[in-house]
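A.B. asks: Model the structure of this input:
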Amino acid sequence: MTIVKKSDEPPENNIGLNKRMGLLLAAYGIALLLLIKHIEDFVLFPWGLFYLFSIFGNIDYFILALIGWVIYLSVTLLIVFTKHKVAFIALYLTLIFLLIVNISGCSVIQHQVETLVSSV
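C.D. replies: Take a look at the predicted model:
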């Protein structure tokens, strides 16, 4: 008779689902709080990822937002389904980096819009 193990990894190398979900909620919650002033633009939120570096030039904002949401969804799902601690940490740091770049890009966009509106 063969005994099937749930995981060959020792428990100290795994991260539980509750901890992963809590850290995900914390990351997205902090990002949301930083952008609460302009919550109406939430759908375009990922555009900030690309705007800071002007990567795609004159592509439609909604296409860029869609690409950004696909990136965020992919990284989030990978984080949710990975149990291995090293993989989780690498993915989580990637998410944090993406959020920082995105929020920076959104801040630049918001500043430019406010400057444009105030000069009219």
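A.B. asks: Check which helices and strands the helix or strand of the chain with the lowest mean pLDDT is in contact with.
C.D. replies: The weakest-scoring helix or strand in the chain, judged by mean pLDDT, DSSP states H and E, is helix 47-51 (a mean of 78). Applying 3 or more Cβ pairs under 8 Å, 6 or more residues apart in numbering; DSSP states H and E, one finds that helix 47-51 contacts helix 61-81, helix 85-119. Quick note: C-beta positions are derived from backbone N, CA and C, even for glycine.
A.B. asks: got a list of contacts for that helix?
C.D. replies: 56, 61, 64-65, 67-68, 71, 98, 101-109 (Cβ atoms under 8 Å, 6 or more residues apart in numbering).
A.B. asks: at 7 Å what do you get?
C.D. replies: 56, 61, 64-65, 68, 98, 101-103, 105-106, 108-109 (Cβ atoms under 7 Å, 6 or more residues apart in numbering).
A.B. asks: now stretch 93-102
C.D. replies: Contacts of stretch 93-102 (Cβ under 7 Å, 6+ apart): 27, 31, 45-46, 48-49, 52, 71, 75, 79.
A.B. asks: List the buried residues for it?
C.D. replies: 95, 98-99, 101-102 (16 or more other Cβ atoms under 10 Å).
A.B. asks: Same question for stretch 18-34.
C.D. replies: 20, 23-24, 27, 31.
A.B. asks: List just the nearest of these to His84.
C.D. replies: Each of the buried residues of stretch 18-34 was checked against His84 using Cβ to Cβ; the closest is Arg20, at 11.1 Å.
A.B. asks: That closest one: which element?
C.D. replies: Assigned by DSSP states H and E, Arg20 falls within helix 17-34.
A.B. asks: Give the other helices and strands that that helix contacts.
C.D. replies: With contacts taken as 3 or more Cβ pairs under 7 Å, 6 or more residues apart in numbering; DSSP states H and E, helix 17-34 sits against helix 61-81, helix 85-119.
A.B. asks: for stretch 95-108, the distance to its chain's centre please.
C.D. replies: Relative to the chain's own centre, stretch 95-108 is displaced by 8 Å; criterion: Cα atoms, centre = their mean, to the nearest Å.
A.B. asks: No further queries at this time; thank you.
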